[in-house]
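In: Structure for this input, please:
(2 chains)
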Amino acid sequence: MELIQQLINGITLGSTYALIALGYTMVYGIVLLINFAHGEIFMFGAFAGLFIVTVLGISNLYLAILGAMVFSMGLGVLIEFIAYRPLRGSTRLSALISAIGVSIFLGSLMVLIRGANVTSFPRKELFTMKNIEFYGLSISNLQIAIILISAILMISLQLFVNYTKIGRAMRATSMDGDASILMGVNQNSIISITFAIGSGLAAAGGVLWGLNFSSIHPYMGLMAGLKAFAAAVLGGIGSIPGAMFGGVFLGVAETLGIAADLSKYKDAFAFAILIIVLLIRPTGLFGRKISKKV
Amino acid sequence: MKSKKIVMMMLALVLVLATVLTGCGSSNTSSTSGDVIKIGFLGAKTGGHAIFGLGTLTGMKMAVEEVNAAGGILGKQIEIVEEDHGSKQEEMATITQKFVERDKVVAIVGDPTTGGTKTAAPIAQDNKVVLISAGSTGPGVVEIGEYIFRDTLLDSVAAPATMDYVVNEKGWKNVALITSINNDYSVGLSGIFKQATLDKGGKIVIEENIQDGDTDFSAIVTKIKGTNPDVIVFSGYYTEAGLIMKEVRRQGMNDIVMVGGDGLQGEDFYKLGEEAVIGSISYAGFSPEQPTAVTEAFIKKFQEKNDNAMPDLFSAQGYDAVMLIVEAMKKANSVDPVEFHKTLAETSNYEGVSGNITFQANREPLKSPVYLLTVKDAGGKLDFGLLKKVPVK
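Out: Here you go, the predicted model:
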């Protein structure tokens, strides 16, 4: 019974990792950039949710998530426009360094605005906690809600990418950027849309994270971002189902690691798994085979 | 072309000279030979341990104001040099270096944490500057050298007194012990709690590890729940403590409480834990309830200056730390740490606002009594209140 309980704990944690991992993987799929500022977008999303509830006084979970998503979409697009677009033609390394710069800037900016302390997230205002007890298990309705909301967001993303015109353009850009331009795809707007969607999902992850652990702080994006990045690589960077699977897998692995008396190695666990998987399958679990074009 | 080069050279020379000259100027003004005695404040104003640091600083400022208003010591005024290490271990050594080299302080009050004190103390010791930690309670601090002191209630005194109450008076014999493994204080305190639990006849049913900065405790709480303990003992700090208790209640353990060291006593413990931390037990060498005359006067003054807020442990100990230094200077008739560290070590039965303080032969403080505290709900506002006064044997 305890094992099932731990599995549920793990899936809850993992679905937030998955939401963040999607942003890494989508951006990488389109522009081959590892957006290291993504963890900070997740953090800003969580704080945007806090702002909506405590300052604007809107005590509705869905409005809080939606508002945070809209805010972070704007932030993501803005970051792309200021920090990555001017570097589009240059080496991938300079864009990567720019991403690290944005990450540090955003983290420090939040420390300036709110201070570095841990802030309580207003869970009570947003959610009435109830435990569902059966067969010795105690699952909170919050865990179920987090898993469901993440699942709905991820399914909508899949539908969007596979069955809409913009989604098709995104897939085309990911397959071959130059060819897609020749076919009439507006690459700039596709890249902006990709950043917007990735950032929006991260923001939703941020609000759910705050809700689940009832606390947020300006450096929360660092470790969560790293783990989500590991999840994206684990699933095969560039692959959307891979990121979803990788996130949930890491969350569950981390929780089961603790259950197996390895709590000392909690953070090492995620990365150890990553190394092992990459040794066996260098492209990740769902990764496409990289074929060099000559 | 050539003249341009010469002009540039001249400019560079002027710049270098300017830096050197202003450098000299500032080092002149910061030497202690003037009529100002400098005391460094080493602590966090931001980050995870900010509440400890800010409390200490408030207490220090009050003590300094009082001493200065009464004419200072030996005709000199005291000045506090403040720095903020942002709760970062790596900043503490840098700041301590700056205190002894640039500011030329005679004494340092801080760091409030054991880990931080252990980082800073060797630097103070090597430079013959007195360091009093107004918060560190773990082992291995005063052993660093004869210039290192602390004015706190030691965990090795308080934890056994607390566990005696928990195991024998409350009858909570099955203990779940949680340690934050990247926190020196927590690792040390867990050892003391474990020994005390066994000595008093209790049993450790499960030992779990977390890290400072963790937010997800669902997995360890599920594990703890499976072992059915009577009480949770956590040796870390308030941020994680509050979040752990929140998760404990979420998983349906509705009656169990947390017992911990004075690391639990930060405002964030109830801000983050909310009603989940009611009944949690900690200990202290200070409580504003049932005060002695000295403590009562301190509380009154503190409230006048701080919008009626009650002083906490750290402000009381920060105040005492400055006063102990001042007393020692008076007794030694010197503001040189090489002299007054000896008289400081002789402090005996000093009636501080945080309790009676005696430095033993090994410079470890002996404080009496131990105050057991518990979180109470005072009309919607949570705070630690006095549970029991336990005299030290």
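In: The stretch 1-150 of chain A against chain B: which residues are in contact?
Out: A:2, A:5-6, A:9-10, A:12-13, A:111, A:115-118, A:120, A:124, A:129, A:131, A:133, A:138, A:140, A:142 (C-beta under 8 Å from any C-beta of the partner chain). Every residue, glycine included, has its C-beta placed from N, CA and C.
In: Next secondary structure after whichever helix or strand A:A21 is part of?
Out: Per DSSP states H and E, A:A21 falls inside helix A:2-31. Next along the chain after helix A:2-31, taking DSSP H and E as the criterion, comes helix A:38-54.
In: Now do the buried residues in that following helix.
Out: Going by neighbour count (16 or more other C-beta atoms under 10 Å in any protein chain shown), the buried part of helix A:38-54 is A:38-53.
In: Repeat that for stretch B:214-231.
Out: Buried residues in stretch B:214-231, counted by 16+ other C-beta under 10 Å: B:214-226, B:229-231.
In: quick one: which of the residues you listed is nearest to A:V77?
Out: Distance ranking of those against A:V77, using C-beta to C-beta, places B:T215 first at 28.5 Å.
In: hang on, that closest one packs against A:S215?
Out: Yes: assessed by C-beta atoms under 8 Å, B:T215 is found in contact with A:S215 at 5.7 Å.
In: shared neighbours, those two?
Out: B:L243 (C-beta atoms under 8 Å, 6 or more residues apart in numbering or on different chains).
In: Would you tell me whether the strand or helix carrying B:E65 gets close to chain A?
Out: In this assignment (DSSP H and E), B:E65 forms part of helix B:50-69. Yes: on the criterion C-beta under 8 Å from any C-beta, helix B:50-69 is in touch with chain A at B:A50.
In: Mind listing the residues bridging to the nearest residue to B:P337 once chain neighbours are set aside?
Out: Excluding the flanking residues, the one nearest B:P337 by C-beta to C-beta, 6 or more residues apart in numbering or on different chains is B:V130, at 4.6 Å. Listed beta-bridge partners, B:V130: B:A107 (assigned using DSSP bridges).
In: Could you check the pLDDT of B:V130?
Out: In the prediction, the pLDDT value recorded for B:V130 is 96.
In: then stretch A:237-255 to PDB, C-alphas only?
Out: Below are the C-alpha coordinates for stretch A:237-255, written out as PDB (Å, rounded to 0.1, in the frame of the first residue of the first chain):
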ATOM      1  CA  ILE A 237      15.200  16.100 -26.400                       C
ATOM      2  CA  GLY A 238      13.000  17.400 -29.200                       C
ATOM      3  CA  SER A 239      10.300  14.800 -28.600                       C
ATOM      4  CA  ILE A 240       7.100  16.000 -26.900                       C
ATOM      5  CA  PRO A 241       5.900  12.600 -25.700                       C
ATOM      6  CA  GLY A 242       9.400  11.900 -24.600                       C
ATOM      7  CA  ALA A 243       9.400  15.000 -22.300                       C
ATOM      8  CA  MET A 244       6.100  14.000 -20.800                       C
ATOM      9  CA  PHE A 245       7.300  10.500 -20.100                       C
ATOM     10  CA  GLY A 246      10.700  11.600 -18.900                       C
ATOM     11  CA  GLY A 247       9.100  14.000 -16.400                       C
ATOM     12  CA  VAL A 248       6.800  11.500 -14.900                       C
ATOM     13  CA  PHE A 249       9.500   8.900 -14.900                       C
ATOM     14  CA  LEU A 250      12.000  11.100 -13.000                       C
ATOM     15  CA  GLY A 251       9.400  12.100 -10.500                       C
ATOM     16  CA  VAL A 252       8.500   8.500  -9.800                       C
ATOM     17  CA  ALA A 253      12.100   7.400  -9.700                       C
ATOM     18  CA  GLU A 254      13.000  10.200  -7.200                       C
ATOM     19  CA  THR A 255      10.100   9.200  -4.900                       C
END
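In: For B:P288, list the residues it contacts.
Out: B:T295, B:I299, B:M310, B:P311.
In: what about the third one, neighbour count?
Out: If you count neighbours by other C-beta atoms under 10 Å in any protein chain shown, B:M310 ends up with 14.
In: what do you get for A:G57?
Out: Applying other C-beta under 10 Å, I find that A:G57 has 8 neighbouring residues.
In: Repeat that for A:S150.
Out: So A:S150, with other C-beta under 10 Å, has 26 neighbours.
In: which other residues reach the one helix or strand it maps to?
Out: Using DSSP H and E, the element containing A:S150 is helix A:141-163. By C-beta under 8 Å, 6+ apart, the residues outside helix A:141-163 that reach it are A:8-9, A:11-12, A:15-16, A:18-19, A:22, A:61, A:65, A:123, A:127-132, A:166-167, A:170-171, A:197, A:201, A:204-205, A:208, A:211-212, A:240-241, A:244, B:250.
In: List the contacts of the residue of the stretch 1-150 of chain A at minimum distance from chain B.
Out: Closest to chain B within the stretch 1-150 of chain A is A:N9: 3.9 Å, counting by C-beta to the nearest C-beta. By C-beta under 8 Å, 6+ apart, the contact set of A:N9 is A:Q143, A:T255, B:S218, B:A219, B:T222.
In: where does the nearest residue to it once chain neighbours are set aside land on pLDDT?
Out: With sequence-adjacent residues excluded and distances taken as C-beta to C-beta, 6+ apart, A:N9 is closest to B:S218, at 3.9 Å. pLDDT recorded at B:S218 is 89.
In: got it, and the one 5 residues further on?
Out: Taken from the predicted model, the pLDDT recorded for B:K223 is 91.
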